[in-house]
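**Q** the sequence isn't on hand, but the structure is:
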């Protein structure tokens with residue numbers, strides 16, 4: 001007896017298989033979102049990675065500045081600078097519901113914070129000469145670390161053991177804190193000038209630092225506690241004699257390149273991080289003054305905050321081409337990409 005083949009049923013089954021496989025792959029990869037603070041506004045924009053669509057605008061309070069999140073994206077921490085108030089705030093935002101779940105009053109004008117990968121410890125630089133150490137679970141201040149100068153930027157090591165504190169001004173150094181030893185200062189790395197945005201290698205061996213007066217960055221050997229290289233960007237001839245500064249430094253997650261924001265020249269410089277000479281590979285012109293950047297976890301996209309244009313520039317890192325812009329709020333600065341984990345539904349939109 002001949003076997004009859006139902007082509008429509010086979011096609012339908014194949015379609016279900018393909019769609020199911022694609023959906024499973026998406027769940028394994030997780031769902032990624034760029035969070036962009038707007039430093040002279042009162043909000044944060046949430047942007048879907050890939051589509052570059054704004055899916056949520058969250059009103060958080062006056063002048064949101066720093067932003068950080070643990071690896072599991074169970075919470076997003078945002079520092080509220082609050083220019084007109086004597087004290088700032090640290091807030092806990094649920095990235096699945098977009099609700100502000102808690103507010104904690106902290107020191108004046110907090111800037112770029114960092115948290116340990118498990119989210120337990122949060123270090124917030126405040127304009128009182130101290131980094132405020134907060135227990136992210138109990139939501140209480142447990143310590144204040146005096147660095148002098150104007151506490152401004154913070155980096156956490158991937159193992160959660162170390163915090164690196166970069167205050168602006170006279171200290172001209174980065175303070176290293178041993179988180180697991182009760183938040184004790186373990187040493188310092190001196191730099192040539194006031195330190196600005198930093199970047200930390202994933203293996204915790206090299207510390208990269210924008211410093212005032214240098215269009216480029218300095219490189220420190222962490223174990224030796226000293227600068228081992230001073231890297232200058234190649235400045236296009238058309239900008240000769242035109243002053244600028246660097247503010248924004250980030251290493252691609254694949255640890256192949258470091259990107260540096262040249263603010264007034266409206267350029268991002270790309271350097272090879274695998275070569276100890278850190279040669280410049282390329283530079284990209286932006287549409288305005290850039291002030292911060294981050295990458296997608298797979299290193300496929302770079303996101304640059306164009307503060308003067310109220311936009312985020314999206315760059316394909318492989319081709320080094322701008323592939324789009326996203327309209328955001330007033331003076332975008334700090335940003336990061338979070339991943340809502342495997343097996344979970346997408347956050348509510």
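**A** It's in. These numbers come from a predicted model, not from an experiment. Numbers count the residues shown, from 1 in each chain.
**Q** who's in contact with the most centrally placed residue in the chain?
**A** Note on the chain: the residue nearest the mean C-alpha position is residue 336, at 4.1 Å, using Cα atoms, centre = their mean. For residue 336, the contact set (Cβ atoms under 8 Å, 6 or more residues apart in numbering) comprises 34-35, 67-69, 294. All C-beta spots, glycine's among them, are computed from the backbone N, C-alpha and C.
**Q** touching, residue 301 and residue 314? I think so.
**A** Yes - counting by Cβ atoms under 8 Å, residue 301 touches residue 314, with 5.9 Å between them.
**Q** show the average pLDDT along stretch 339-349.
**A** On average, the pLDDT along stretch 339-349 is 53.
**Q** next: stretch 31-45.
**A** Average pLDDT, stretch 31-45: 98.
**Q** mind checking the end-to-end distance for it?
**A** Criterion Cα to Cα, to the nearest Å; first-to-last residue distance in stretch 31-45 is 16 Å.
**Q** now do stretch 304-321
**A** Using Cα to Cα, first and last residues of stretch 304-321 are 13 Å apart.
**Q** just the buried positions in it, please.
**A** Along stretch 304-321, these residues count as buried under the neighbour rule (16 or more other Cβ atoms under 10 Å): 304-315, 317.
**Q** now the helix or strand hosting residue 249: how far from the chain's centre is it?
**A** Residue 249 is part of strand 246-251, with elements assigned from DSSP states H and E. Strand 246-251 sits 10 Å away from the centroid of its parent chain (Cα atoms, centre = their mean, to the nearest Å).
**Q** tell me the helices and strands packed up against it.
**A** Judged by 3 or more Cβ pairs under 8 Å, 6 or more residues apart in numbering; DSSP states H and E, strand 246-251 is in contact with strand 195-200, strand 206-211, strand 216-221, strand 257-262, strand 290-295, strand 301-306.
**Q** if we can go back for a sec, for the contacts of residue 336, which two are the farthest from each other?
**A** Using Cβ to Cβ, the two most remote members of those are 34 and 68, lying 14.1 Å apart.
**Q** nearest to residue 115, of the buried residues of stretch 304-321?
**A** residue 305 (20.1 Å).
**Q** for that closest one, which non-adjacent residue is spatially closest?
**A** residue 332 (4.1 Å; Cβ to Cβ, 6 or more residues apart in numbering).
**Q** separation between that neighbour and residue 98?
**A** Counting by Cβ to Cβ, to the nearest Å, the gap from residue 332 to residue 98 is 18 Å.
**Q** residue 34 and residue 68: which is more packed in?
**A** Neighbours were tallied for residue 34 and for residue 68 using other Cβ atoms under 10 Å; the higher tally belongs to residue 68 (26 against 23).
**Q** quick check: bridge partners of that one?
**A** Beta bridges link residue 68 to residue 77, judged by DSSP bridges.
**Q** ok, now residue 154?
**A** With DSSP bridges as the criterion, residue 154 is bridged to residue 165.
**Q** just the pLDDT for it.
**A** 98.
**Q** residues contacting it?
**A** 66, 112-114, 123-125, 131, 163-166.
**Q** just send those residues back as CSV, with pLDDT, distance to residue 195 and secondary structure too.
**A** Shown next, in CSV, are those (pLDDT from 0 to 100; distance: Cβ to Cβ, whole Å; DSSP: H, G, I helix; E, B strand; the rest coil):
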residue, pLDDT, distance to residue 195, secondary structure
66, 97, 16, strand
112, 98, 12, coil
113, 98, 16, coil
114, 98, 15, strand
123, 99, 15, strand
124, 99, 17, strand
125, 98, 12, strand
131, 98, 14, strand
163, 99, 15, strand
164, 99, 10, strand
165, 99, 9, strand
166, 98, 4, strand
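**Q** how about CSV for these, with neighbour count and distance to residue 138 added?
**A** Below are the contacts of residue 154 laid out as CSV (neighbours: other Cβ atoms under 10 Å; distance: Cβ to Cβ, whole Å):
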residue, neighbour count, distance to residue 138
66, 27, 20
112, 24, 23
113, 27, 17
114, 23, 18
123, 26, 15
124, 29, 15
125, 31, 21
131, 28, 18
163, 26, 18
164, 24, 24
165, 27, 22
166, 30, 26
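**Q** could those go into TSV alongside distance to residue 192?
**A** Putting those into TSV (distance: Cβ to Cβ, whole Å) gives the following:
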residue	distance to residue 192
66	25
112	21
113	25
114	23
123	24
124	26
125	21
131	22
163	22
164	17
165	18
166	14
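**Q** flag the shaky bits of the stretch 1-150 of the chain, pLDDT-wise.
**A** Within the stretch 1-150 of the chain, the segments meeting pLDDT under 70 span 1-29.
**Q** which parts of it are strands?
**A** With strands called from DSSP state E, counting those that start in this stretch, the stretch 1-150 of the chain shows them at 31-38, 43-48, 53-59, 64-68, 76-80, 89-93, 100-105, 114-115, 121-125, 130-135, 140-146, 150-156.
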